[in-house]
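1. Just the structure for this:
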Amino acid sequence: MHRTPPSATAADPLLVPLTAPQLRLLNIVGDAVLENLDWPIYQYVEGRMDHYGLDIDEVFGSLPYLSAQHLHYSLLTRDRNGTTEDSRVKLTVAGMGHLPSFTTTSGMFLRVLRELRKRRATATYNPTKVIEVVISGSELIDTLNLGAEPLVGMLPEILSGEPATWHGTPTRIGDDWTLTCSRWLRHFGHVRDIHDYVERLRAWIMPDQPVAAPTVASPLELVGALDYLDVVWQLEFKGRPLVVLPSAERTARLAFDANSAEEFDSRLSALGEVLKGLRIPGRDKAVGTMAALEQYLSARLGPEPMTRVKPALDKLQLVTQIRNAGQHVDASTKAARALPSFGLTYPISDHRLAWGAVQAHVVEALNVIRDEIRMSGAATNKNAASQP
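-> You can find the predicted model right below:
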């Protein structure tokens, strides 16, 4: 049997290491594809699984998947005939990620995906008429120099099996085929690898559910929370200020509402500048601000307080991801995944509400960090006072 899978650090359930029976099933399908340049039929796969004493339905049902409404996406799929003996069993791109022998095939898919997205983004559109962006398979293969890829002949089948591309299902025209570049390709701009692809797929199909947002009692509460944290920091650590506010004009932005995308971006930029400018003693400039703050506090607060501080620091780090989405198109996927943590969904439609939610969550995070620092100092003082 082939040795396995992707990195153990893969976060998405579709890409975590498989059990031995699951990997056996994928290898049976993969080996048949490489030998016959076609998908194997269900009877063949079932027979091979029987040979190894494994129940195909049990193993098939145990595979990780993502599901939303009528969409079900896993490592393997079966064609429309369901489980009849002649139905074909197919690898998805996520499934290919577990088989080293399919590295070039999954790479071919990602190259095609990037090209299709580029064609869609650079097409010439008509202000009064819908334009279909269509590309032929032969042109696609020539443009990307895919002729030498072993499974290039199966490319139309692979594309029609992926949510990212099945909206433009390949259509046969004589000896060639064409593919329509659908609007959904916008979710996959500059996709890097399978892990990035699956992450974007999940963010698009199954976005995290927003959490309830706390409320901000005063427009000055955010600035007040920063001031309070700074006071506690200086009292407990007897050092330089932690918080260094930018200019009075930029600091004032934190107290105003955001009534447009531009104002929302302006508020986030001011907040991001404050967070990025936190002064952590002994910080290595190569280490990010929140990572440096986590290192500094871990060495002084201990494990239990850090279980509460770490999520608060992560929340502050997410502010940067939301801010970047307003300035860099390719950051939109990370923003889509960050926004639910603030009780928001992507894209943002009500910027006033969004800024209020960000303020509230940031205040809550700052208060947690402040309280843990203060309580840790109080405990230390109490222990010192109890010494004879």
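
2. And for stretch 135-149, what's in contact with it?
-> The set of residues external to stretch 135-149 that reach it, using C-beta atoms under 8 Å, 6 or more residues apart in numbering, is 104-105, 108, 111-112, 115-116, 119, 152, 155-156, 170, 173, 176-179, 181. All C-beta atoms are positioned from the backbone trio N, CA, C, and that covers glycine.

3. Cross-reference the residues you listed with the helices and report the matches.
-> Applying DSSP state H to the contacts of stretch 135-149, the entries found in helices are 104, 105, 108, 111, 112, 115, 116, 119, 155, 156.

4. Buried only: go through these for me.
-> With neighbours counted using 16 or more other C-beta atoms under 10 Å, the ones in helices among the contacts of stretch 135-149 contain these buried positions: 105, 108, 111, 112, 115, 116, 119, 155, 156.

5. Show the backbone phi and psi for the nearest residue to residue 14 once chain neighbours are set aside.
-> Closest residue in space to residue 14, ignoring its immediate chain neighbours: residue 94 at 4.5 Å, by C-beta to C-beta, 6 or more residues apart in numbering. Note on residue 94: its backbone torsions stand at phi -60, psi -40 [degrees, to the nearest 10].

6. next one: residue 48
-> With angles defined as degrees, to the nearest 10, residue 48 shows backbone torsions of phi -70, psi -40.

7. where does the most centrally placed residue in the chain fall, helix, sheet strand or coil?
-> Within the chain, the residue whose C-alpha comes closest to the C-alpha centroid is residue 199; the distance, by C-alpha atoms, centre = their mean, is 4.2 Å. In terms of secondary structure, residue 199 is helix; the call rests on DSSP: H, G, I helix; E, B strand; the rest coil.

8. Just want to check the distance between it and residue 206.
-> When distances are taken as C-beta to C-beta, to the nearest Å, residue 199 and residue 206 turn out to be 11 Å apart.

9. which of the ones in helices among the contacts of stretch 135-149 sit farthest apart?
-> Maximum pairwise distance in the ones in helices among the contacts of stretch 135-149, criterion C-beta to C-beta, is 22.4 Å, between 104 and 119.

10. The helix or strand hosting residue 309 - contacts with which helices or strands?
-> Taking DSSP states H and E as the criterion, the element that holds residue 309 is helix 303-325. With contacts defined as 3 or more C-beta pairs under 8 Å, 6 or more residues apart in numbering; DSSP states H and E, the secondary structure elements packing on helix 303-325 are helix 261-276, helix 289-301, helix 332-338, helix 351-386.

11. can you tell me which of the ones you listed comes nearest to residue 194?
-> helix 332-338 (14.7 Å).

12. hmm, back to that, close enough to count as contact, the residue nearest to the centre of the chain and residue 13?
-> No - between residue 199 and residue 13 there is no contact under C-beta atoms under 8 Å: 11.3 Å.

13. which residues touch the closest residue to residue 310 other than its chain neighbours?
-> Ranked by C-beta to C-beta, 6+ apart and with sequence neighbours excluded, the top spatial neighbour of residue 310 is residue 294, at 6.7 Å. Contacts were defined as C-beta under 8 Å, 6+ apart; by that measure residue 294 touches 306, 309, 310, 313.

14. can you rerun that using 10 Å?
-> Shown in contact with residue 294 (C-beta atoms under 10 Å, 6 or more residues apart in numbering): 280, 287, 288, 306, 309, 310, 313, 314, 317.

15. measure the closest residue to the first one other than its chain neighbours to residue 109 for me?
-> Closest residue to residue 280 in three dimensions, ignoring its sequence neighbours and counting by C-beta to C-beta, 6+ apart: residue 292, at 4.6 Å. Counting by C-beta to C-beta, the separation of residue 292 from residue 109 is 39 Å.
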